[in-house]
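[1] 3D, please:
(4 chains)
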Protein chains: 4
Amino acid sequence: MPGSRLGEYFSVINFGESHGPAIGCVIDGCPPGMELSQEDIQKELDRRRPGTSRHVTQRKESDTVEILSGVYQGKTTGTPIALLIRNEDQRSKDYSAIENLFRPAHADYTYYKKFGIRDPRGGGRSSARLTAPTVAAGAVAKKWLEENLNIKIRACLINLGGIPLEVKDWTAPDNNPFFTADPEKVPELEACMDELRRAGDSAGSEIYVEAQGVPPGLGEPVYRRLDACLAYAFMGLNAVKGVEIGDGFEVVGSRGSLNADRMGTQYENGFASNHAGGILGGISTGAPITARVAIKPTPSIRQEMSTLTVDGKDTIVSTKGRHDPCVGIRATPILEALTALVLIDQVMAQRGQCGRI
Amino acid sequence: MPGSRLGEYFSVINFGESHGPAIGCVIDGCPPGMELSQEDIQKELDRRRPGTSRHVTQRKESDTVEILSGVYQGKTTGTPIALLIRNEDQRSKDYSAIENLFRPAHADYTYYKKFGIRDPRGGGRSSARLTAPTVAAGAVAKKWLEENLNIKIRACLINLGGIPLEVKDWTAPDNNPFFTADPEKVPELEACMDELRRAGDSAGSEIYVEAQGVPPGLGEPVYRRLDACLAYAFMGLNAVKGVEIGDGFEVVGSRGSLNADRMGTQYENGFASNHAGGILGGISTGAPITARVAIKPTPSIRQEMSTLTVDGKDTIVSTKGRHDPCVGIRATPILEALTALVLIDQVMAQRGQCGRI
Amino acid sequence: MPGSRLGEYFSVINFGESHGPAIGCVIDGCPPGMELSQEDIQKELDRRRPGTSRHVTQRKESDTVEILSGVYQGKTTGTPIALLIRNEDQRSKDYSAIENLFRPAHADYTYYKKFGIRDPRGGGRSSARLTAPTVAAGAVAKKWLEENLNIKIRACLINLGGIPLEVKDWTAPDNNPFFTADPEKVPELEACMDELRRAGDSAGSEIYVEAQGVPPGLGEPVYRRLDACLAYAFMGLNAVKGVEIGDGFEVVGSRGSLNADRMGTQYENGFASNHAGGILGGISTGAPITARVAIKPTPSIRQEMSTLTVDGKDTIVSTKGRHDPCVGIRATPILEALTALVLIDQVMAQRGQCGRI
Amino acid sequence: MPGSRLGEYFSVINFGESHGPAIGCVIDGCPPGMELSQEDIQKELDRRRPGTSRHVTQRKESDTVEILSGVYQGKTTGTPIALLIRNEDQRSKDYSAIENLFRPAHADYTYYKKFGIRDPRGGGRSSARLTAPTVAAGAVAKKWLEENLNIKIRACLINLGGIPLEVKDWTAPDNNPFFTADPEKVPELEACMDELRRAGDSAGSEIYVEAQGVPPGLGEPVYRRLDACLAYAFMGLNAVKGVEIGDGFEVVGSRGSLNADRMGTQYENGFASNHAGGILGGISTGAPITARVAIKPTPSIRQEMSTLTVDGKDTIVSTKGRHDPCVGIRATPILEALTALVLIDQVMAQRGQCGRI
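    Now for the predicted structure:
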């Protein structure tokens, strides 16, 4: 199977390049009969859209989505839903300087090595712009999960370049440019971002994701486990270098007596704690799914770095295009979308095999 | 696709339960013409086998593998390779006490919720015993990768219950019961394990994996990236709660200027450093693939814990079967096997699409 | 896996409805580095296009294809190729009369039963219009197969409503409105078609397909055989009710001594005859692949037929829209496309597993 | 995906060679909670078993199946069901004479060309013996379909070497060695078979399959249609060269006014006739699924034929092993099994996407 498909049952096929005519996706397998409008999808795209604050890339894209198929009289028909987003602000001239070299820590080199050819305009296929179709498909999945199973998915920034952020206030993430649930820290984050821009540098970040209301029983061991599928989807997102479920790396120094979530009739969902992050043996427990994701600093920085030309010669590069000094900020809605896509796929697998959720 | 398959091209289908008649796997898609003997597979199984030291489960299993198909006159024919391991020491009586309850932090509850039925004998399908077929299949993949592409995969324990271990000496892991490359720490590890047994407790652990000689160009963005596939395979392993590629969670507090691996003609593989862990944009760079995995403490401990019966009543459980106080120890060869399975699958995908490695 | 994908390696995802905004497909897995222009695809679409003679539907569609992605500077990049065709002549009013009933022998009833909802405009998703994206994807596959392996695929009509047609002259099919290689029969076919129109009726047909230059070794037994994949693709085409490979149903009355193709050094490709149609044991032999396909009469006819309303009441229907009196005519280029898609997929599978064609 | 898997949801992976240690399969995705015993599977295997009459191969195989996993206390658990059949009567010496040559019309040549290596013992992987695991898996599917949806699948021989057989008496097929429903013709068939044996020749055959009680709504257009999946499964069976659904090739000379099945409240399932064979637009209608399959004469015959050696030299071969003079006879239970496997897969797909049958 080629690599641009996510999901076996609710299957998303992603297409496009940063500076080609359009990007988009086809959803094959969406359940029929759900109300779906352009606006349902647009509102999630708008959360991810570039240019919404001075802290993210200034590329101007309306990211207007068009539903090409799969919806009749406002309802999904069960046939493929094709979603199209035209690229508008392509400014390819920005990239002419880097056409013949490989930017360090970027996918330029590896795409070239893989295919023997690459589209250098804005990173081509490797651009984070290709997360927009993921968000669009995720909007459909999220809506279905919420309407049919009352599953709520949310995410927030919990670290920016070393500044830890608490998960205090879930009304906050959609009301500040950083998607943080720790709104008092916004001035500190702004100062950090301004400093990064001045220094021509970038920073890493960490995001927390959770899904509430997930019924027990989702996940297909021994390999296609729910945690494995989340790790696949999250690690497959641009710049992600680490994924944790539940306590994550904290389990290394822990003990079985501390880590095991006791069960009892008095507890919500049956569990006294949730070190497991809502997944045991690769199957959901009914407790909230919790995960954390580490995102590396944007590799495109203004500072000069040694690198190689396409012809294998030493050279120096300084990237001057419009880039997010912290790609992790806009990753928040994307991780929600990926969570929704993984969950709906497992819901459908479970219905298929066991005839029930 | 149901969950017991790993890999699209070099496809492994795993079957069996801890205390059923047998476990095993079918490899569909192995390249033809490779010499393969029972011994090639057995030697990797022996590294994972229970009962090899007092620090792992005392279950007695010879784990003798039988090649049922796919090999003729000592060579792979390109047709499915079926591998069979009979269960020998099943002692199901050990588990009668827990038949009607759910052990905390174990998959008992979730399997029951998923399927409406479960095989309680030794954890049934959720048992870590099912990693043996993965290791058997991995042995085939590892041999092919080494013989055809000179890829070397190795792993070692780097933390046991909070005791950090260095990667000092790669001759050590196969010569101590902990798979550590820091042999001076063995007495400390033994003391820790003895203490855990006395306390009826268990500990988490961390493992480091690396693959050397991986050619650039492996991985299929935008979703089926090499890092995503590794995260999928690793997070899909029993008890794993975190996966890092390259610098992993360290990138959160880092800067682009620090994290970006500079390139230059004077460096091996072209890279001055390897923060990326050998993967950029989801495709291998040619530098070593590096990863770290967090494994939770064994949930089966002797200490008493509150839990629920199958009928939904409160109860207390203390697990008395034969268990590894640290499941992570035996995970070392399994993670090597999973790495091999992910890599061979991507090698074949790359040959299929691009006609070359 | 949902149903709108064809191919595992060269994977085509089809989307759209007859009267929605657009139809199209995404090709995931196309080999990189092939020259590809809009014209390469358009010329195949033009062969299938409606309205080209008075013997096919008079719907006016330019069927202009736009390449949205996967091509850079005129060459395929190895990333997904999205192809878009806007629907132009939608005239939905033609279909208002049939919105609340099921047309006999049409998919109206079964789509409604499957999804609980259907798009009645022009048959919605079940329309033969959805073969256009198949032809577009097939154009890409055909070009690659011809340029890289010198494989030639061609098809022609061999029966129209009971009139047998010989395979005499391969220059003819693209120069008459029936795709027949028996050009002397064209007047007879025209008379038959005119008679069908007058009678408000339609006729079945039969098409012959062959592929020359197919290397031996393509096909993946025991299930994903080359003949099985061709049968899948062909039987999956609208209105097809029968598929034969090689001698097809003639083998029933034959004998082993007659049917077995003798081998010898003096024969082209090594075979004295080709009863097998170029496939033995599900794998190509190197001899031409030959197949025949039976296509039922268009179910949409002017004659009155008894049927059911959506509410389950008896009624009468007479279909007055613009329909092909013989859908098989335009199936010729579609069957070529399907053959190309099956072959390229098996070529890539073979490269992936065996490292060679 | 390599070729030894059938089905996406109810997924069967087949392994083994004719003269290796064992053959078998793994079913991944079987619904949990169904009662399943060794006997349920054995009874279907016994119908296909060699050596049951003088008209089929005299190879002595008990074909005893062992359930290795996936069943606990007599019920399926939802985890993989591995089924093992040991090869017993391997008599490999029979095949030494043909080790260095390619038998005409057999898969010897194509396997060798594909893999560069082949197992010549009894045809190795290409042997019809590999249909036994298909029958075993089909027995599980058939039982589930019958118990849960009251679907009945049956097949019978309708032509042997040119002798047409009627579908008169469904109690007959399991009570004569030819699986014919036209028992008065048995003496004629016996005479034909005896004559074939004397002549050292073999004959083709045709089989009719039907499934009753199939609910409407199964099938996933535009490609993974129910008819496409049946054609795939049937054409993938050894020696099959043609597949028809419903009226099959008769539609070629038919008219829309004759072929269209009228609908009405007075008819069973709503249809006045069943030219469509229970499938419209690739989706089941609720009427019986009907199909016919053409099977070529056994290629292994005693008569001498010219052929090539592995080294490419001309030679003569006469096959003296134990072969069925008409392979089609034993295909009857296999086609039932394949029908069951296709149907259960589509039932599960339908439950997964639409949440209901």
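[2] For the residue lying closest to residue A:219 once chain neighbours are set aside, give me its contacts.
    Leaving aside its chain neighbours, residue A:219 sits nearest to residue A:226 (3.3 Å; criterion: C-beta to C-beta, 6 or more residues apart in numbering or on different chains). C-beta: built from backbone N, CA, C; applies to glycine. Listed by C-beta atoms under 8 Å, 6 or more residues apart in numbering or on different chains, the contact set of residue A:226 reads A:218, A:219, A:279, A:282, A:283, A:284, A:289, A:342, A:346.
[3] what bridges to the third one?
    Judged by DSSP bridges, the bridge partners of residue A:279 are residue A:284.
[4] pLDDT score for it?
    pLDDT, residue A:279: 98.
[5] Ok, the fifth one next?
    Residue-level confidence at residue A:283 comes out at 98, pLDDT.
[6] got it, and the last one?
    You'll see residue A:346 listed with a pLDDT of 98.
[7] Closest residue of the stretch 151-300 of chain A to chain C?
    Distances between the stretch 151-300 of chain A and chain C by C-beta to the nearest C-beta are smallest at residue A:224, namely 13.4 Å.
[8] what sits against that residue?
    Contacts of residue A:224 (C-beta under 8 Å, 6+ apart): A:349, B:1, B:2, B:3, B:4, B:5, B:236.
[9] Repeat that for residue A:185.
    Shown in contact with residue A:185 (C-beta under 8 Å, 6+ apart): A:163, A:165.
[10] now it: how far from residue C:259?
    When distance is defined by C-beta to C-beta, to the nearest Å, residue A:185 is 80 Å away from residue C:259.
[11] One more: residue A:43?
    Distance from residue A:43 to residue C:259, counting by C-beta to C-beta: 64 Å.
[12] Give me the more crowded residue out of those two.
    Per other C-beta atoms under 10 Å in any protein chain shown, whichever of residue A:43 and residue C:259 has more neighbours is residue C:259, with 26 against 11.
[13] Could you report the neighbour count for residue A:150?
    By the measure other C-beta under 10 Å, the count of residues near residue A:150 is 11.
[14] residues near the residue nearest to it when sequence neighbours are not counted, how many?
    Nearest residue to residue A:150 in three dimensions, chain neighbours excluded: residue A:213, at 4.8 Å (C-beta to C-beta, 6+ apart). Counted by other C-beta under 10 Å, the residues lying close to residue A:213 total 15.
[15] Quick check: residue A:213 touching residue A:153?
    No - using C-beta atoms under 8 Å, residue A:213 is not in contact with residue A:153, being 9.2 Å away.
[16] where does the nearest residue to residue A:78 once chain neighbours are set aside land in three-state SS?
    By the measure of C-beta to C-beta, 6+ apart, the closest residue to residue A:78 outside its immediate chain neighbours is residue A:32, 3.3 Å from it. Counting by DSSP: H, G, I helix; E, B strand; the rest coil, the backbone at residue A:32 sits in coil.
[17] contacting residues around residue A:32?
    For residue A:32, the contact set (C-beta under 8 Å, 6+ apart) comprises A:75, A:76, A:77, A:78, C:115, C:116, C:117, D:353, D:354.
[18] Relative to residue C:310, how far out is it?
    Counting by C-beta to C-beta, the separation of residue A:32 from residue C:310 is 15 Å.
[19] And residue A:310, its phi and psi?
    phi -60, psi -30 (degrees, to the nearest 10).
[20] can you tell me the residue of the stretch 51-200 of chain A closest to chain B?
    With C-beta to the nearest C-beta, the shortest gap between the stretch 51-200 of chain A and chain B falls at residue A:107, namely 2.3 Å.
[21] burial count for the spatially closest residue to that residue that is not a sequence neighbour?
    Counting by C-beta to C-beta, 6+ apart, residue A:107 lies nearest to residue B:281, which is 2.3 Å off, once chain neighbours are set aside. Residue B:281: 28 surrounding residues under other C-beta under 10 Å.
[22] okay but residue B:281 is in contact with residue A:114, surely?
    No - using C-beta under 8 Å, residue B:281 is not in contact with residue A:114; the gap is 9.2 Å.
[23] Between these two, which contacts overlap?
    With C-beta under 8 Å, 6+ apart as the test, residue B:281 and residue A:114 both reach residue B:219.
[24] Now do the contacts for the residue nearest to residue A:246 when sequence neighbours are not counted.
    Excluding its sequence neighbours, the residue lying closest to residue A:246 (C-beta to C-beta, 6+ apart) is residue A:277, at 2.5 Å. Applying C-beta under 8 Å, 6+ apart, we find residue A:277 in contact with A:227, A:244, A:245, A:246, A:247, A:248, A:288, A:289, A:290, A:291, B:241.
[25] my read: the fourth one touches residue B:242, true?
    Going back to what we said before, that points to residue A:246. No - using C-beta under 8 Å, residue A:246 is not in contact with residue B:242; the gap is 9.0 Å.
[26] C-alpha coordinates for stretch A:72-92, CSV please?
    C-alpha atoms of stretch A:72-92 as CSV (Å, rounded to 0.1, in the frame of the first residue of the first chain):
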residue,chain,number,x,y,z
TYR,A,72,-26.4,14.7,-1.4
GLN,A,73,-29.0,17.2,0.0
GLY,A,74,-26.8,17.9,2.9
LYS,A,75,-26.2,14.3,4.0
THR,A,76,-23.4,11.9,3.5
THR,A,77,-24.3,9.1,1.1
GLY,A,78,-21.7,6.5,2.1
THR,A,79,-19.8,7.1,-1.1
PRO,A,80,-16.4,8.8,-1.3
ILE,A,81,-16.2,12.3,0.0
ALA,A,82,-13.6,14.3,-2.0
LEU,A,83,-12.4,17.5,-0.5
LEU,A,84,-10.5,20.1,-2.5
ILE,A,85,-8.5,23.1,-1.3
ARG,A,86,-6.9,25.3,-4.0
ASN,A,87,-3.5,26.7,-3.3
GLU,A,88,-3.6,30.5,-3.6
ASP,A,89,-0.4,32.2,-2.2
GLN,A,90,2.2,30.2,-3.9
ARG,A,91,5.1,32.7,-4.2
SER,A,92,7.4,30.1,-5.6
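[27] Please name the nearest non-neighbouring residue to whatever residue of chain A ends up closest to chain D.
    Using C-beta to the nearest C-beta, residue A:352 is the residue of chain A that sits closest to chain D, at 3.0 Å. Leaving aside its chain neighbours, residue A:352 sits nearest to residue D:352 (3.0 Å; criterion: C-beta to C-beta, 6+ apart).
[28] surely that neighbour meets residue D:9?
    Yes - counting by C-beta under 8 Å, residue D:352 does reach residue D:9; the two are 6.9 Å apart.
[29] Can you pull the residues that touch both of those two?
    A:352, A:353.
[30] re the thing from before, for the contacts of residue A:226, work out which two are farthest apart.
    A:283 and A:342 (13.2 Å; C-beta to C-beta).
[31] circling back to that earlier point, tell me how many other residues crowd the residue nearest to residue A:352.
    As a burial measure, residue D:352 scores 25 neighbours (other C-beta under 10 Å).
[32] and it, what element?
    Assessed by DSSP states H and E, residue D:352 sits inside helix D:328-354.
[33] Now do that helix: which elements does it pack against?
    Here helix D:328-354 touches helix A:331-354, helix C:108-115, helix D:38-48, helix D:131-149, strand D:152-160, strand D:205-212, helix D:226-235, strand D:289-295, going by 3 or more C-beta pairs under 8 Å, 6 or more residues apart in numbering or on different chains; DSSP states H and E.
[34] hmm, 6 Å instead?
    Under the contact definition 3 or more C-beta pairs under 6 Å, 6 or more residues apart in numbering or on different chains; DSSP states H and E, helix D:328-354 sits against helix A:331-354, helix D:38-48, helix D:131-149, strand D:152-160, strand D:205-212, helix D:226-235.
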